[in-house]
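Q: just the structure for this:
(one chain, ligands or ions: 1)
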Amino acid sequence: MKIIVLRLFALLLLPIAALQAGEIAVSSLDLSLAANSSGWPARANLSTSGKPILLGGKVFPNGLGSHTKFRLLIDCHGTAKRFTAKVGVDDVANKQYASVIFRIEGDGKKLLMSPVMRPGDDPLPVDVDLTGIKQLVLLAWNGEGGGQADDHANWADATIIFDGKAPATLASAEPRKILTPPTPPTPRINGPVVIGTRPGNPFLFYVPVTGERPLKVTVGGLPKGLSLDESSGIITGTTLAAGTYDVKLTATNARGSATRELRIVAGDTLALTPPMGWNSWNCFASKVTRDDILRQANSMATNGLRDHGYAYINIDDFWMPKNEDIDPTLHGPERDANGRINSNARFPDMPGLTASIHKLGLKAGIYSSPGPKTCGGCISSWRHEKQDAERFAEWGFDYLKYDWCSYNQVVSGNYEDKAYAKKPYMVMGEHLRHQKRDIVYSLCQYGMAKVWEWGDEVGGNTWRTTHDIGDSWDSMSKIGFSQAGHEPFVKPGCWNDPDMMIAGWVWGRFTNLSDDEQYTHVSLWSLLSAPLLLGCDLTHVDDFTLNLLGNDEVIEVNQDPLGRMAGRIATRGETQVWAKAMSDGSLAVGLFNLGDEAVPVSTTWNELKLKGPQRVRDLWRQQDIGVQEDGFTTHIPRHGCVLIRVSSSK
Ligand code: GLA
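A: Numbering: from 1, shown residues only. From the prediction side, this is the model:
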């Protein structure tokens, strides 16, 4: 009897335990304000899967269920005393994949970081002092290996204990880190300052200008054969003779006017600055359709990104037939009676599609493989290279991504043998060069046989240096920071490609990269002179992403006509300094913090081989920092960066 009474008493106590005076159960806060990249919701008093919170064999009726990558900001107003909880990965999560690191920050500093936790582990008791803390942040990160899958991160009995009464408002939406000031209403001409074209081929260039509308663009000194359509701001025509043409662009609106030189080089080299645009893979992958492509092109034209210089709209894999797939929209005759490749039912009219893209002043890209099948198993160019190059040109494409994939199934060889690796790219490169169309040639073979050393010889304009990128810090930072040493092979027309961008809304959700990680991504890709091919859904661009991708001073680093790639200047602990020589004699310098804690990051003029005091400008904030005598030091958050431009103060 005594035992039964005690049990009943304990049961009655359970839910009340978290609600003592001055205590707030975290599960009672507005959890919809949490940032959660996985698509799995944060839940009150249940695990993210909707089942009871189960840790180390024990059910916890109170607490918070989350999923990596999770971040909840709580305003404690400096009046909280302690945060207590028992954290762990839900017992029902898959043991093979699930792993979580729990982290607690107070006013930007680490208060606690758990070891990597897995399902079945005993819950880790947490008791953190919050004295004086204004903002408490609860984070759940993916532990090592296994990706994000099944990372059901539980915060059982999560409670904040206050000194006296708890404040009325607690949970806050995370403020996004928008660094760049709004685009000014006065005109600014953006995008490349030099464009390559082959004489006699069709030319298309939309003059990217930001500023209040209506806005008028005029062009002085256009070579014979080219003309500007003033209503659309698009230059079209044909440069008849080889040569260098310096054209003067002017943009005028009610607030003022801007001028800029544009150099058109009619010769043999395309992509004189890294291609900027969008590619369908990181957004639609195998599901892409013509309507998706049109919507993306229209969005690029209307959301402002076209006016920052983004120009290519590239279709990746899955535009061509794959008859063995269960999806009937992928079906159709692979080639016509003459052997010319067909598109699948999702892309009924390729010339119509490219015409719509061109009408917006944008350019169109397509994808194929030198093997019989693309990576996704669609028909591709093996033994039809000439016909396919002709078909792509006839259809009106301006860019080809040529992806190795099944080539080794029909021609065997050693991946590190240059002659073997070069062969199929040489074949397609030759055919592309003979088309009466400028087709930028993008090699995709993941860096085999040191492609950067010979990509140029096969006519490549860009070459992937690595395997596919994923939207995690691990993937992006490993790829980005491993590019050091490839500098000698980069020049106008020849660019290393560390893969497409994974900022913004990718694969149907917000990227797993934090705001700081996204600044690192765009800064690094700009310093590396990498193609800026956006992977995000352009119909779903939030203010942060637009601000991130549309900073013209950062894009200027990427598009600098000198065409150098940044090199790594220094590694100190978990910090790195990279620098890129710019055409005006200045240096673009990236200071990066790869570590988990905020730290000061420094560079000296000495290590950058600069003499005397230097003027420093913060490019993300578009602010002058002033003249610095010997170097520059700044505080950088975890995985963040500061991008500066350093020029002589004389
Ligand atoms: C490879 C490439 C990706 C993408 C897919 C398409 O994995 O590296 O960029 O093109 O193929 O199947």
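
Q: make it CA atoms for all contacts and neighbour counts henceforth
A: Will do.

Q: which positions in the stretch 351-500 of the chain make contact with the ligand?
A: Cys375, Gly376, Asp468 (CA under 6 Å from any ligand atom).

Q: which one of those has the most neighbours?
A: The most crowded member of these, judged by other CA atoms under 10 Å, is Cys375 (17 neighbours).

Q: ok, and the closest non-adjacent residue to that residue?
A: Distance criterion CA to CA, 6 or more residues apart in numbering; nearest residue to Cys375, sequence neighbours excluded, is Cys405 at 5.1 Å.

Q: what's the answer for Leu591, then?
A: Val577 (4.7 Å).

Q: what is the host helix or strand of that neighbour packed up against?
A: Using DSSP states H and E, Val577 sits in strand 575-581. Judged by 3 or more CA pairs under 8 Å, 6 or more residues apart in numbering; DSSP states H and E, strand 575-581 is in contact with helix 515-527, strand 567-572, strand 587-593, strand 599-604.

Q: so which of these comes closest to the ligand?
A: Checking the helices and strands packed on strand 575-581 against the ligand by CA to the nearest ligand atom gives helix 515-527 as the closest, at 16.3 Å.

Q: okay, angle between the closest one and strand 567-572 too, please.
A: Following axes from the mean of the first three to the mean of the last three CA atoms, to 10 degrees, one obtains 140 degrees for the angle between helix 515-527 and strand 567-572.

Q: and the next element down the chain from helix 515-527?
A: Downstream of helix 515-527, the first helix or strand assigned by DSSP H and E is strand 532-534.

Q: so what pLDDT did Pro15 get?
A: At Pro15, the pLDDT value in this model is 38.

Q: of the residues of the stretch 351-500 of the chain next to the ligand, which is the nearest to Thr218?
A: Of all these, the one sitting nearest Thr218 is Asp468; the distance, using CA to CA, is 41.7 Å.

Q: please give the element, helix or strand, for the closest one.
A: Counting by DSSP H and E, Asp468 is part of no helix or strand.

Q: OK, contacts around the closest residue to the ligand within the stretch 451-600 of the chain?
A: Evaluated by CA to the nearest ligand atom, the stretch 451-600 of the chain has Asp468 as its residue closest to the ligand, separated by 5.0 Å. Applying CA atoms under 8 Å, 6 or more residues apart in numbering to Asp468 gives the contacts Tyr446, Asp499.

Q: 10 Å instead?
A: Residues near Asp468 by CA atoms under 10 Å, 6 or more residues apart in numbering: Cys444, Tyr446, Ser475, Met476, Ile479, Pro498, Asp499, Met500.

Q: contact residues of the chain facing the ligand?
A: Asp316, Asp317, Cys375, Gly376, Asp468.

Q: let's have these in TSV, adding pLDDT, secondary structure and distance to Leu72.
A: Putting those into TSV (pLDDT from 0 to 100; DSSP: H, G, I helix; E, B strand; the rest coil; distance: CA to CA, whole Å) gives the following:
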residue	pLDDT	secondary structure	distance to Leu72
Asp316	98	coil	36
Asp317	98	coil	37
Cys375	98	coil	39
Gly376	98	coil	38
Asp468	97	coil	30
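
Q: could you tell me how many residues sit around the residue lying closest to Val87 once chain neighbours are set aside?
A: Closest residue in space to Val87, ignoring its immediate chain neighbours: Trp155 at 4.6 Å, by CA to CA, 6+ apart. By other CA under 10 Å, the residues close to Trp155 number 34.

Q: for Trp155, which residues are in contact?
A: 26-27, 44-47, 53, 55, 60, 62-66, 84-90, 102, 123-126, 138, 140.

Q: rewinding a little: tell me the most buried of the helices and strands packed on strand 575-581?
A: Among the helices and strands packed on strand 575-581, strand 587-593 has the highest mean neighbour count (mean count of other CA atoms under 10 Å), at a mean of 27.

Q: which helices and strands sit right next to that strand?
A: helix 515-527, helix 552-558, strand 567-572, strand 575-581, strand 599-604, strand 614-618, strand 631-636, strand 641-648 (3 or more CA pairs under 10 Å, 6 or more residues apart in numbering; DSSP states H and E).

Q: where's the residue nearest to Tyr312 when sequence neighbours are not counted, which helix or strand?
A: Residue nearest to Tyr312 in three dimensions, not counting chain neighbours: Gly277, with 4.1 Å by CA to CA, 6+ apart. Assigned by DSSP H and E, Gly277 belongs to strand 276-279.

Q: now do Leu443
A: Counting by DSSP H and E, the element that carries Leu443 is strand 440-444.

Q: dump that strand to CSV, restricted to CA.
A: Only the C-alpha atoms of strand 440-444 are listed here, as CSV (Å, rounded to 0.1, in the frame of the first residue of the first chain):
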residue,chain,number,x,y,z
VAL,A,440,31.4,27.9,-72.5
TYR,A,441,32.9,24.5,-71.8
SER,A,442,32.7,23.2,-68.2
LEU,A,443,34.5,20.0,-67.4
CYS,A,444,33.1,17.9,-64.7
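
Q: give the other helices and strands that that strand contacts.
A: The helices and strands touching strand 440-444, judged by 3+ CA pairs under 10 Å, 6+ apart, are strand 363-368, strand 399-403, helix 418-433, strand 462-464, strand 495-497.

Q: for the ones you listed, which one ends up most surrounded?
A: strand 495-497 (a mean of 30).

Q: tell me the helices and strands packed up against the very next helix or strand once past that one.
A: Downstream of strand 495-497, the next assigned helix or strand under DSSP H and E is strand 505-506. Judged by 3+ CA pairs under 10 Å, 6+ apart, the packing partners of strand 505-506 are helix 281-284.

Q: toward the C-terminus from the helix it packs on, list the very next helix or strand.
A: Downstream of helix 281-284, the first helix or strand assigned by DSSP H and E is helix 290-302.

Q: and the helix or strand following that following helix, which strands flank it?
A: Reading on from helix 290-302 to the C-terminus, the next helix or strand found by DSSP H and E is strand 312-314. Partners of strand 312-314 in the sheet, by DSSP bridges, are strand 276-279 (parallel), strand 363-368 (parallel).

Q: next, the angle from the strand holding Val577 to helix 515-527.
A: Here strand 575-581 runs at an angle of 30 degrees relative to helix 515-527 (the same axes, to 10 degrees).

Q: out of the helices and strands packed on strand 440-444, which comes closest to Gln518?
A: Among the helices and strands packed on strand 440-444, the nearest to Gln518 by CA to CA is strand 495-497 (17.4 Å).

Q: mind listing residues that contact that closest one?
A: Applying CA under 10 Å, 6+ apart, the contact partners of strand 495-497 are 271-275, 442-444, 446-447, 451-452, 455-456, 460-466, 480, 483, 486-487, 489-490, 525, 528-533, 563-565.

Q: again, only using 6 Å
A: Thr462, Trp463, Arg464, Thr465, Ala530 (CA atoms under 6 Å, 6 or more residues apart in numbering).

Q: who wins for proximity to Tyr420 among the strands paired with strand 312-314?
A: strand 363-368 (18.7 Å).

Q: now do that closest one, average pLDDT.
A: 98.

Q: now stretch 298-306
A: 97.

Q: likewise for stretch 197-208?
A: The average pLDDT within stretch 197-208 is 98.

Q: just the C-alphas of that stretch, formatted as CSV.
A: This file holds the C-alpha atoms of stretch 197-208, laid out as CSV (Å, rounded to 0.1, in the frame of the first residue of the first chain):
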residue,chain,number,x,y,z
THR,A,197,33.3,36.2,-77.8
ARG,A,198,34.4,34.5,-81.0
PRO,A,199,34.1,36.8,-84.1
GLY,A,200,31.1,36.0,-86.3
ASN,A,201,29.2,34.3,-83.5
PRO,A,202,25.9,35.6,-82.0
PHE,A,203,26.6,38.0,-79.1
LEU,A,204,24.3,38.6,-76.1
PHE,A,205,24.9,40.7,-73.1
TYR,A,206,22.4,42.3,-70.7
VAL,A,207,23.9,45.3,-69.0
PRO,A,208,23.5,44.7,-65.3
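
Q: so which residues make contact with it?
A: Contact partners of stretch 197-208, identified using CA under 6 Å, 6+ apart, comprise 189-190, 233-242, 266-268, 270, 307-309, 361, 436-437.

Q: can you name the residues bridging to the residue nearest to Tyr312?
A: Applying DSSP bridges, one finds that Gly277 bridges with Tyr312, Leu533.
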